[in-house]
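A.B. asks: Here's my sequence, what's the structure:
(one chain, ligands or ions: 1)
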Amino acid sequence: MTGRNMQHIMGQGAVQKSATRMDSIPFSTIRTMFERVSHLEQSGQSVIHLDVGRPEFDTPEHIKQASVKALRDGQVHYTSNYGLPQLREAIAKKLMLDNLLEFDPDNEVIVTAGVSEAIMISMLSLVNPGDEVLILDPQFPAYAMATRMAGGIPMSVPVYANNAYQPVKADLQACLSHRTRMLVIASPGNPTGVVLSETTLRMLADFAISHDLLVMSDEIYEKLIYDNQQHISIASLPGMRSRTLTLNGFSKSYSMTGWRLGYVAADASLIQALVRIHQNTVVCANTFAQWGAVVALTGTQQPLLDMVNELDRRRLFMIEQLAKISGVAFQRPQGAMYIYVDVSVLTDNAYQLANDLLNDKHIAVVPWDQHHIRLAYGSNYKNLKVALTRLGEFLLKETV
Ligand SMILES: Cc1ncc(COP(=O)(O)O)c(C=O)c1O
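C.D. replies: Numbering: from 1, shown residues only. Sure thing, here's the model as predicted:
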């Protein structure tokens, strides 16, 4: 045995350096919290999860059955890089019926391994090194990370609680430069649960057209929407179809986070670029999972409607209970499954607060920045009741 092999077996190899681009890619706070909680749970401690954005519902049975059947039928090989034709047909039909968008399933839709991959391949294929990408902030972290991996520069456009998290033109204008290439929006949004109003979307569309920007519209929470709000796809507004990437997926609406399925719909010229990254990385999304997704879109939508009703009940409960706790402030979320809570009256270190809450009360939340925590209400009603009581006790202690 050579010395080198021996060293390998003994686990004593030199620490290897990662690529310099990794210097600007920290571990995600959400995942870090998730890992910490997992350790606690492995040691036998039960923890209530207000951290991960996962609806605590099983994938509907008819969707699972379709995938089981596909497996049994030998649907175990690659599909087209664009995705299963039957799924692309179903996606194109859904976009037409729900979103008033017309896309050719042959070359204007690509099925991805979750919206996460969709974000990454969009950035890698359309953003040049040095290009700037405007991202409404607070934001889902993957947008900035993917921008950086593409060599681009993420520019945070602040949105404020006192304007119900609707962006204003002056703030967009302040972040604009000759390098600006793309605007990223998400409605309903994570972490604020904001639903961008039609007026806001029209303003954003005008802005994108006047400055010749691409728009990435993350619509993964489209169906998780409450208070009679209406989802509008920005691509359906005049002049927007050719410059917009509409991202959506199955994780949230159909409780399929582990299936890893999403999609992008955009003009063929844009999809041509995306597919070349996809075919050299993921190749195609999981084949038998795609068969389940066909049925998710074409089968009964009743489980989705039931889930949204139940999530709404949980949302209203959370809003009512949080309103009774002094020292916290929040905007009523109208979509997604989160409440973004301002704890600045209590602390300058929301990270420490989240840690203490986990250690003392066994409640997992995500610290979003120094002054905010995000509470996800995907967990079941009984757990939410316990969590809110414990959160109230904990925060009361923080105020005295
Ligand atoms: C706004 C937003 N976009 C995308 C994703 C990623 O979803 P997927 O499971 O489809 O990769 C998430 C997941 O939480 C999200 O909140």
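A.B. asks: what's the domain layout of the chain?
C.D. replies: Using automatic domain parsing, the domain parsing of the chain gives 25-53+303-399, 61-298.
A.B. asks: can I get these in a markdown table with distance to the ligand?
C.D. replies: The C-beta positions use only the backbone N, C-alpha and C, and glycine is treated the same way. Listed next are those as a markdown table, based on distance: least, CB to the nearest ligand atom, whole Å:
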| stretch | distance to the ligand |
| --- | --- |
| domain 25-53+303-399 | 4 |
| domain 61-298 | 3 |
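A.B. asks: in the longest helix along the chain, what counts as buried?
C.D. replies: Secondary structure of the chain per DSSP state H: the longest helix is helix 302-323. Within helix 302-323, the residues that count as buried by 16 or more other CB atoms under 10 Å are P303, L304, M307, V308, L311, R314, R315, M318, Q321, L322.
A.B. asks: can you check stretch 243-253 too?
C.D. replies: Across stretch 243-253, burial judged by 16+ other CB under 10 Å covers R243, T244, L245, T246, L247, N248, G249, F250, S251, K252, S253.
A.B. asks: and M240, how many neighbours does it have?
C.D. replies: Residues within reach of M240, counting by other CB atoms under 10 Å, total 22.
A.B. asks: ditto for D348
C.D. replies: D348 is flanked by 10 other residues according to other CB under 10 Å.
A.B. asks: Let me know the pLDDT of it.
C.D. replies: Looking at D348, its pLDDT stands at 93.
A.B. asks: now do D23
C.D. replies: Note on D23: pLDDT of 88.
A.B. asks: On the three-state scheme, it is what?
C.D. replies: Secondary structure, DSSP: H, G, I helix; E, B strand; the rest coil: D23 is helix.
A.B. asks: Give the full set of residues in contact with it.
C.D. replies: Applying CB atoms under 8 Å, 6 or more residues apart in numbering to D23 gives no contacts.
A.B. asks: Next: G152.
C.D. replies: M123, V127, N128, P129, G130, D131, E132, V133, R181.
A.B. asks: Sort out for me which of the residues you listed are in helices.
C.D. replies: Those of these lying in helices (DSSP H): M123.
A.B. asks: From the contacts of G152, list the buried ones, please.
C.D. replies: M123, V127, D131, E132, V133, R181.
A.B. asks: contacting residues around the fifth one?
C.D. replies: It stands for V133. 123, 127, 143, 147, 152-155, 180-184.
A.B. asks: will you turn these into a markdown table that also has pLDDT?
C.D. replies: A markdown table is the format used below for those (pLDDT from 0 to 100):
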| residue | pLDDT |
| --- | --- |
| M123 | 98 |
| V127 | 98 |
| Y143 | 98 |
| T147 | 98 |
| G152 | 98 |
| I153 | 98 |
| P154 | 98 |
| M155 | 98 |
| T180 | 98 |
| R181 | 98 |
| M182 | 98 |
| L183 | 98 |
| V184 | 98 |
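A.B. asks: So which of those residues belong to strands?
C.D. replies: Secondary structure defined by DSSP state E assigns I153, P154, M155, T180, R181, M182, L183, V184 of the contacts of V133 to strands.
A.B. asks: ok, the closest residue to the fifth one other than its chain neighbours to I319 distance?
C.D. replies: In other words, R181. Of all residues not flanking R181 in the chain, D131 sits nearest, at 3.9 Å (CB to CB, 6 or more residues apart in numbering). Distance of D131 to I319, computed by CB to CB, to the nearest Å: 39 Å.
A.B. asks: want to throw the buried residues of helix 302-323 into TSV with pLDDT?
C.D. replies: As requested, those are exported to TSV (pLDDT from 0 to 100):
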residue	pLDDT
P303	97
L304	97
M307	96
V308	97
L311	96
R314	96
R315	97
M318	96
Q321	94
L322	94
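A.B. asks: Which one of these is nearest to M96?
C.D. replies: Closest approach to M96 among the buried residues of helix 302-323 (CB to CB): L304, at 18.4 Å.
A.B. asks: residues contacting the closest one?
C.D. replies: With CB under 8 Å, 6+ apart, L304 has these contacts: P60, K223, S253, Y254.
A.B. asks: Redo the residues you listed as a markdown table? Include secondary structure.
C.D. replies: Listed next are those as a markdown table, based on three-state DSSP:
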| residue | secondary structure |
| --- | --- |
| P60 | coil |
| K223 | coil |
| S253 | coil |
| Y254 | coil |
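A.B. asks: Please report which of those has the highest neighbour count.
C.D. replies: Among those, the one with the most neighbours (other CB under 10 Å) is Y254, at 26 neighbours.
A.B. asks: give me the low-pLDDT residue ranges for the stretch 1-150 of the chain?
C.D. replies: Segments of the stretch 1-150 of the chain classed as low confidence (criterion: pLDDT under 70) are 1-13.
A.B. asks: same thing but at 90, please
C.D. replies: Residue ranges of the stretch 1-150 of the chain with pLDDT under 90: 1-17, 21, 23-41, 43, 45, 52-56.
A.B. asks: Do you have the helices of it handy? List them.
C.D. replies: 3-9, 29-42, 61-72, 85-99, 114-126, 142-149 (DSSP state H, counting those that start in this stretch).
A.B. asks: tally of neighbours for the residue lying closest to S24 once chain neighbours are set aside?
C.D. replies: Using CB to CB, 6+ apart and skipping residues adjacent in sequence, the residue nearest S24 is R148, 4.9 Å away. Neighbourhood size, R148 [other CB under 10 Å]: 19.
A.B. asks: ok, now F34?
C.D. replies: 15.
A.B. asks: picking up where we left off before, next, the angle from the longest helix of the chain to helix 61-72.
C.D. replies: 130 degrees (axes from the mean of the first three to the mean of the last three CA atoms, to 10 degrees).
A.B. asks: For helix 302-323, C-alpha coordinates in CSV please.
C.D. replies: Taking C-alpha atoms only, helix 302-323 is exported to CSV below (Å, rounded to 0.1, in the frame of the first residue of the first chain):
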residue,chain,number,x,y,z
GLN,A,302,-59.7,18.5,-4.1
PRO,A,303,-56.8,17.5,-1.9
LEU,A,304,-55.1,20.8,-2.8
LEU,A,305,-58.3,22.8,-1.9
ASP,A,306,-58.6,20.9,1.4
MET,A,307,-54.9,21.6,2.2
VAL,A,308,-55.3,25.3,1.5
ASN,A,309,-58.4,25.5,3.7
GLU,A,310,-56.5,23.9,6.5
LEU,A,311,-53.4,26.1,6.0
ASP,A,312,-55.7,29.1,6.1
ARG,A,313,-57.1,27.9,9.5
ARG,A,314,-53.6,27.6,10.8
ARG,A,315,-52.7,31.0,9.4
LEU,A,316,-55.6,32.7,11.1
PHE,A,317,-54.8,31.0,14.4
MET,A,318,-51.2,32.1,14.2
ILE,A,319,-52.2,35.7,13.4
GLU,A,320,-54.6,35.8,16.3
GLN,A,321,-52.2,34.3,18.8
LEU,A,322,-49.2,36.4,17.7
ALA,A,323,-51.2,39.6,18.0
